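*Asks:* Test case, fold it:
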Amino acid sequence: MSTKTLVIAEKPSVAQDIVRALTPVAGKFEKHDEYFESGEYIVTSAVGHLVEIHAPEEFDVKRGKWSFAHLPVIPPYFELKPVEKTKSRLNAVVKLAKRKDVTQLVNACDAGREGELIFRLIEQFAGGAKGSLGKPVRRLWLQSMTPQAIRDGFEQLRTDRQMEGLAHAARSRSEADWLVGINGTRAMTAFNSRDGGFFLTTVGRVQTPTLAIVVEREEQIRKFVSRDYWEIHASFLAEAGSYPGKWFDPKWKKDVATGEGPGASEPDAEKRADRLWSAEQAQAIADAVRGKPATVTEESKPTTQASPLLFDLTSLQREANGRFGYSAKTTLSLAQSLYERHKALTYPRTDSRHLPKDYVKVVKDTMAVLAKTGPAHLAPFAKEAVAKDYVRMTPRVFDDAKVSDHFAIIPTLQAPHGLSEAEQKIYDLVVRRFMAIFFPSAEYLVTTRISVAAGHSFKTEGKVLVKPGWLAIYGKEAADEVSDAKEGDKGQPLVPVKPGEKVLTESAEPRGLKTRPPPRYSEATLLGAMEGAGKWIEDEELREAMHEKGLGTPATRAAIIEGLILERYLLREGRELIPTAKAFQLMTLLRGLGVEELTKPELTGAWEYKLAQMEHGKLSRDAFMREIAEMTKHIVRKAKEYDRDTVPGDYATLETPCPNCGGVVQETYRRFNCIGRAPKQPPCGFSFTKLPGGRAFELQEVEQFLRDKRIGPLQGFRSKAGWPFTAELVLKFDEEEKNWKLEFDFGNEADPAETGELVDFGDQQPLGKCPKCGGRVFEWGANYLCERSVPTAQHPAPTCDFRSGKVILQQPVERAQMEKLLATGKTDLLDKFISMRTRRPFKAYLAWDAQAGKVNFEFEPRASKFPPRKTASGTAAKAAAKKSPATKKTATAKKSPAQKSASGLKPSPELAAIVGPEPIARTEVIKRLWDYIKEHKLQDPKDKRTIKGDAKLKKVFGKPSVTMFELAAVVGPHLSKEE
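*Replies:* Prediction:
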């Protein structure tokens, strides 16, 4: 019996790539349902994690028993269990691994810590009680997904012994996250749920210190008190022309901290050499120098600017967020697609910004390929690099000591085709950075000019680009950065001044300004802070040296940020990340309990460093896990032993008065309480929880709630059993207690269609036309419904049943989305639906289903997990199909549904100017019109339902503007059947 090697990839698409790469050297592969097989190899794949760790039954604590009595949970060992949704795939892989003819396994999962863990857990699970199959294991380590790189990888398979350090680090990371996450989350949840209810409070070894960074910045912003300061800007007239200058104090020195203890003083970070803190002083200086002669001294010196380092994943994510607003998760997904699907980039989940020393020839070959087949706007620079032999051995690029398991992200030898717009943007970023690092440095001439008038000094700095060097690759973007200089700052070219020439102070004016708080974190700046373990490090080379002590790894940082958003600890508003009340409450709790370990980025960064040491065999797994277990015990003990009624913290005083007595309402750790009216009126007893249904109030929400006595519907509440729900909150007056009480309102009002009670929509604006009967659709209670579905004065007997909830499976359906559904037949893609069956979030469109007569879900099309194989026989079949007249006739006869519906509808010349001249379906016309309206911002900002016509639309409308509900009617006369 011939023996075979089982190759286990991480994803089906990678398994397919391996098969294609091995076919020329290993012979033809037969395709089966879950694997491919040749005479020598069997190739299969996981779909990410197929197995997860869990505590053995005797040590595990179920959710319903979350209490301090069962904590901490530190099992002496971990058992494995299948991931429920991929059980069938696991069974198929295990069955192959146990085959008698399989005598060797190859781990072909992604080349990193997670890929190592995915394979190791599968192999351990397959081994059952023995803990291993006992078959030899070797490691395929791929930096690139081109066929040649895969074949080279199989020629240089690593031994199981070589991967031992990475395997230990992978298991330790997984178990440490389980221990801290499970125990920390259960301890904090138990603490917050002591007064009843279920307040899920998730914490994590990496996510919580990351959150602490953002909360600390928000606290600085909230406490920031803006101060007035003044700058003096002057203009000086020389023989050759005018130039600007800004006043500064040449004797100024930066503040330093003094002493320790109560009398110590912190340095004033707002002080600058060019700032004055008195309007009178600024005005006096301006008056003193205006119209006076000035002496000039200047110094000019050349300076150079080297290109940035090559990209690792974190720096690529930061750049893409800053330039395009892409989230870290989106950038990782795009880079992974360029690596895996298009084979255009090297492995993206890397923490290195350098290349190995033996990679010089590969880089030269890559540059030559880019010169021939690279993007048209960049190919000339690659040609220049090749012609002038720019690619040379330099330690700034080629440094084995700074290459970990992966090197920097660079283009491969394979030119990509069919990239999406977003993929193209990421590819361009990488190609530009790759080319730039081999180009000469940019050269500037920097001139510092000091003009002294009436004893006061003014500085002018000019920066002129002499040789663009690598900046030429960035073209206008780089030129804009150089020329976009503020008055008196670096950037502008200066008029010349002769030696000894006296100039005249033409004008001098003080400018009143205000100090600004530090900016909120964006994903770009938060990724940078995570990379430096909470310390923002501006210098790129220094940040590179710190990266091993960062929070998380490049591969996990995007998921950490997304997890914080999913748990509603952070909100993403534009490019800003804003911590919620739930985040502040968690930080207050951890600080109050004295559990500093969970909030210290530096400590967690040090653990990440220890995991890296473990990868390289310099730290034992047992020592690291003992440290994690001790920390876990400490967290639980602190929460369990805390015996005070409240937790100390920085609490708010609300602006809205108590609804019962008009007194002041103040926040404590658990509640909002009336404290009475100063100075003598005692509290009236009005009080309500900060955590109704386990959901923390935001401050602006609680102000609105007190003011309106109603708010919602809000999502994120949890039942006592821990299930999420959505509801409105109301304040109702309790006659017995003579005070107001918080209550949930689930919108279960009696249906007027059954009670006969007349509904008055008042002066409410309709959302659009009912898709069933053409009536108007309004908001009513917890629904959007047709006016003819309820009794009204005009229409006492209901004749329609159209209605759709304002909240569907935990997903709030905003008014604008329902308007869009009524106008176009479909909402945008909504991403917060929660499945009733699995309790997992999912994405879907809401769409009008005419056949079913109701609003239904519509899902994004999904690609097949195993891509179609490109075999020789397949190619031949395609060629035959092209030649066959019968096939051609059949293909022509078969039209897509879109083509069928489009036939016979020809747009008028006026409409064709917007949607194009080809035959088109009526629904597609509306969609394209909406795209045009959005793109050109033609909705009235005061009334979004009104569309203002531009030159093209006015010809279609026949008037200056229309409402969105008129669109379909307006379009009708512009569509006709084809003759």
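*Asks:* P75: neighbour count?
*Replies:* 16 (other C-beta atoms under 10 Å). Every residue, glycine included, has its C-beta placed from N, CA and C.
*Asks:* Can you tell me how far it is from M625?
*Replies:* Distance from P75 to M625, counting by C-beta to C-beta, to the nearest Å: 12 Å.
*Asks:* again, but for L526
*Replies:* The span separating L526 from M625 equals 29 Å under the rule C-beta to C-beta.
*Asks:* Also K942?
*Replies:* Distance, K942 to M625, using C-beta to C-beta: 62 Å.
*Asks:* what does I565 give?
*Replies:* Plainly put, I565 is 30 Å away from M625 if you go by C-beta to C-beta.
*Asks:* same deal with L166?
*Replies:* Using C-beta to C-beta, we find L166 at a distance of 16 Å from M625.
*Asks:* any idea where the strands of the stretch 401-550 of the chain begin and end?
*Replies:* Taking DSSP state E, counting those that start in this stretch as the test, the strands found in the stretch 401-550 of the chain are 442-453, 456-467, 503-514.
*Asks:* strands paired with the second one, and their directions?
*Replies:* Strand 456-467 has the following strand partners under DSSP bridges: strand 241-248 (antiparallel), strand 442-453 (antiparallel).
*Asks:* Same question for it: list its buried residues.
*Replies:* Along strand 456-467, the positions that meet the burial threshold by neighbour count (16 or more other C-beta atoms under 10 Å) are 456-465.
*Asks:* one step back: could I get the strands of the stretch 401-550 of the chain in a markdown table, plus columns for distance to D287 and mean pLDDT?
*Replies:* Below are the strands of the stretch 401-550 of the chain laid out as a markdown table (distance: least, C-beta to C-beta, whole Å; pLDDT from 0 to 100):
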| stretch | distance to D287 | mean pLDDT |
| --- | --- | --- |
| strand 442-453 | 12 | 94 |
| strand 456-467 | 11 | 92 |
| strand 503-514 | 8 | 95 |
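*Asks:* Let me have those in CSV, adding distance to L911 as columns.
*Replies:* Written out in CSV, the entries for these read as follows (distance: least, C-beta to C-beta, whole Å):
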stretch, distance to L911
strand 442-453, 51
strand 456-467, 49
strand 503-514, 52
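*Asks:* Setting aside sequence neighbours, what's the nearest residue to R695?
*Replies:* Taking C-beta to C-beta, 6 or more residues apart in numbering, and ignoring the residues beside it in sequence, R695 has G716 as its nearest neighbour in space, at 4.4 Å.
*Asks:* Backbone dihedrals for that neighbour, both of them.
*Replies:* phi 100, psi 0 (degrees, to the nearest 10).
*Asks:* Can you check the pLDDT for it?
*Replies:* Per-residue confidence (pLDDT) for G716: 73.
*Asks:* Next, find the distance separating it from E567.
*Replies:* Applying C-beta to C-beta, the value for G716 to E567 is 10 Å.
*Asks:* what do you get for S88?
*Replies:* Taking C-beta to C-beta, one finds S88 at 30 Å from E567.
*Asks:* Comparing the two, which residue is more hemmed in?
*Replies:* When S88 is set against E567 and neighbours are counted by other C-beta under 10 Å, the residue ahead is E567, at 19 against 11.
*Asks:* what's near enough to touch that one?
*Replies:* For E567, the residues meeting the contact criterion (C-beta atoms under 8 Å, 6 or more residues apart in numbering) are 202, 582.
*Asks:* from now on call the first residue 551
*Replies:* New numbering, starting at 551: the last item is E1117.
*Asks:* coming back round to it: which one of K1492 and M1175 has more residues nearby?
*Replies:* More crowded of K1492 and M1175, by other C-beta under 10 Å: M1175, with 17 against 6.
*Asks:* Can you verify my assumption that the more buried one contacts R721?
*Replies:* No. Using C-beta atoms under 8 Å, M1175 is not in contact with R721; the gap is 9.1 Å.
*Asks:* Tell me which residues of the longest helix anywhere in the chain come out buried.
*Replies:* If you go by DSSP state H, the chain has its longest helix at helix 714-742. Within helix 714-742, the residues that qualify as buried by neighbour count (16+ other C-beta under 10 Å) are 715-742.
*Asks:* how about the strands in the stretch 551-700 of the chain?
*Replies:* 554-559, 580-581, 585-587, 591-595, 601-604, 629-632, 652-658, 687-689.
*Asks:* Dump these into JSON lines; add distance to T758, mean neighbour count and mean pLDDT as well.
*Replies:* Compiled in JSON lines, the strands of the stretch 551-700 of the chain are given as follows (distance: least, C-beta to C-beta, whole Å; neighbours: other C-beta atoms under 10 Å; pLDDT from 0 to 100):
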{"stretch": "strand 554-559", "distance to T758": "34", "mean neighbour count": "24", "mean pLDDT": "95"}
{"stretch": "strand 580-581", "distance to T758": "46", "mean neighbour count": "10", "mean pLDDT": "92"}
{"stretch": "strand 585-587", "distance to T758": "41", "mean neighbour count": "21", "mean pLDDT": "94"}
{"stretch": "strand 591-595", "distance to T758": "34", "mean neighbour count": "23", "mean pLDDT": "95"}
{"stretch": "strand 601-604", "distance to T758": "20", "mean neighbour count": "18", "mean pLDDT": "90"}
{"stretch": "strand 629-632", "distance to T758": "26", "mean neighbour count": "14", "mean pLDDT": "92"}
{"stretch": "strand 652-658", "distance to T758": "32", "mean neighbour count": "21", "mean pLDDT": "95"}
{"stretch": "strand 687-689", "distance to T758": "33", "mean neighbour count": "21", "mean pLDDT": "95"}
